[in-house]
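> next one to model:
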Amino acid sequence: MALAAFQNGGLELVYETHGILNEAGDNCVLLPTYYTGTHASYSLMIGPGRVLDPARYFIVSPNMLGNGVSSSPSKNHEFSNATVADNVHLQHRLLSTLGVREIKLLYGWSMGAMQGYSWAAIYPAMVKNFLAVCGSARCWPLNRVFLEGIAAAMGHDNDRRAFGRCYAGWAYSAAFYRDELYKLLGYETLEAFLKFWEDDHLGFDARDLMAMLWTWKNADLDDAALAKISARTIIMPADTDMYFTVDEARVEAAAIGHAEVRPLYSPYGHCAGAPGQFPAETALIEAAMRELLA
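Predicted coordinates for the structure are as follows:
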C-alpha cells in the first residue's frame with residue numbers, strides 16, 4: 001500500500017495504490033472516491049482473499065478534487081470548482097503516468113459511480129468493466145432538490161451541524177428509521193444517530209463540502225455520451241435510495257444499451273452501497289465484481 005501525490009496543471013491529485021501493475025499494464029482496478037470519502041474509504045473491500053486482492057490487481061484510489069486531500073478550497077485558496085470531467089481527465093493523466101493501459105474494473109459508489117460513468121464514456125477503449133453502485137451519470141431533478149436543501153441548511157454561516165442533520169434524512173430509508181435499524185449500528189436513540197451525523201460533518205471544511213456539492217450538482221452526462229460506453233456494465237441502484245433512484249438507473253442503462261440493472265433490495269437506502277458497511281449488500285456487490293473480473 002502506498003500513498004502518493006500527482007502534480008499536473010497546478011493541481012495535486014493524492015492517490016493510494018495497492019499491489020503491482022503487471023507488464024501488460026492491464027490489471028488495474030480503479031476506485032474513484034465519493035462525497036466525504038477518501039482513498040481510505042474502500043479499505044474494507046481490499047485485501048488478501050477478497051475480490052479486490054492486491055496480489056492479483058493493481059488497485060488505484062484517487063481522491064476527488066475538493067475532498068480536502070487532493071486540491072481543495074481548504075488547501076488551495078485559489079482552487080475553483082471542478083467538474084466530474086475535470087476529475088476524470090486528471091485521473092487519466094495519472095494512470096498514463098503510472099503505465100496503466102487498461103482498467104480491468106472501474107468500481108464506484110455514489111459520486112465514485114458518477115465519475116465512473118464519465119470515465120467509461122470519455123475513455124471507452126480503456127475501461128473494460130464498470131460497476132456503478134448507488135450512483136448516476138447526471139444529477140437528476142430530485143437529486144438537485146436534495147442538494148439544494150442541504151446547501152440551504154449550511155447557509156452563510158457554514159452550519160455543518162444543520163447540514164449533517166438534514167443529510168441524514170436522505171441517506172437512509174423510511175424502513176431504516178421506522179424499524180430503528182440505527183440501533184444495529186450502535187446508536188440507542190434516533191437523536192444519538194442524528195448527533196453522529198452532525199459531528200461527522202464537523203470533520204470537514206465547509207468550503208470543501210460545498211465544492212464537492214458543486215461537482216455533484218453539475219454532473220450532466222447526456223444520452224449521447226452514455227451511448228459511447230463500451231465497457232461491460234452492471235448498475236446496482238438500491239431500491240430504497242431516495243436520490244439515486246432505480247427508475248433513473250434504468251433510463252441511463254437504456255441509453256448505454258447493453259448495461260444490466262441489478263437492484264440492491266435493502267432497508268439501508270443510499271448507504272446500502274457503502275463499501276463494506278453491510279454484509280449482505282457487500283456480498284452482492286462483490287459477486288458482481290467477481291463476474292466482471294472473471
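> Leu95 - that's part of a helix, no?
Yes. Leu95 forms part of a helix when assessed by DSSP: H, G, I helix; E, B strand; the rest coil.
> distance of it relative to Thr245?
Separation of Leu95 from Thr245 (Cβ to Cβ, to the nearest Å): 31 Å. Every C-beta, even on glycine, is put in place using the N, C-alpha and C of the backbone.
> and these two? Which one has more around it.
Taking neighbours as other Cβ atoms under 10 Å, Leu95 and Thr245 compare with Leu95 leading, 24 against 19.
> quick check: that one touching Pro32?
No. Judged on Cβ atoms under 8 Å, Leu95 makes no contact with Pro32 at a distance of 11.5 Å.
> which residue is nearest the centroid of the chain?
Nearest to the geometric centre of the chain sits Gly112, at 2.2 Å (Cα atoms, centre = their mean).
> which elements pack onto the strand or helix carrying Asp200?
Per DSSP states H and E: Asp200 is located in helix 190-202. Contact here means 3 or more Cβ pairs under 8 Å, 6 or more residues apart in numbering; DSSP states H and E; on that basis helix 190-202 packs against helix 160-171.
> between helix 190-202 and the helix it packs on, find me the angle.
120 degrees (axes from the mean of the first three to the mean of the last three Cα atoms, to 10 degrees).
> secondary structure element for Ala4?
Element membership of Ala4 [criterion: DSSP H and E] is strand 2-8.
> the strands in the stretch 1-150 of the chain, which residues?
Secondary structure of the stretch 1-150 of the chain (DSSP state E, counting those that start in this stretch): strands at 2-8, 11-18, 28-30, 58-62, 103-109, 129-133.
> relative to the whole chain's centre, how far out is stretch 162-177?
Chain-centre distance of stretch 162-177: 18 Å, with Cα atoms, centre = their mean, to the nearest Å.
> same thing with stretch 266-273?
Between the mean C-alpha location of stretch 266-273 and the chain-wide mean there is a distance of 14 Å, by Cα atoms, centre = their mean.
> contact partners of it?
Contact with stretch 266-273 is made by 109-110, 133-135, 170-173, 175-176, 179, 181, 236, 238-244, 264, 274, 277-278, 280-281, 285, as judged by Cβ atoms under 8 Å, 6 or more residues apart in numbering.
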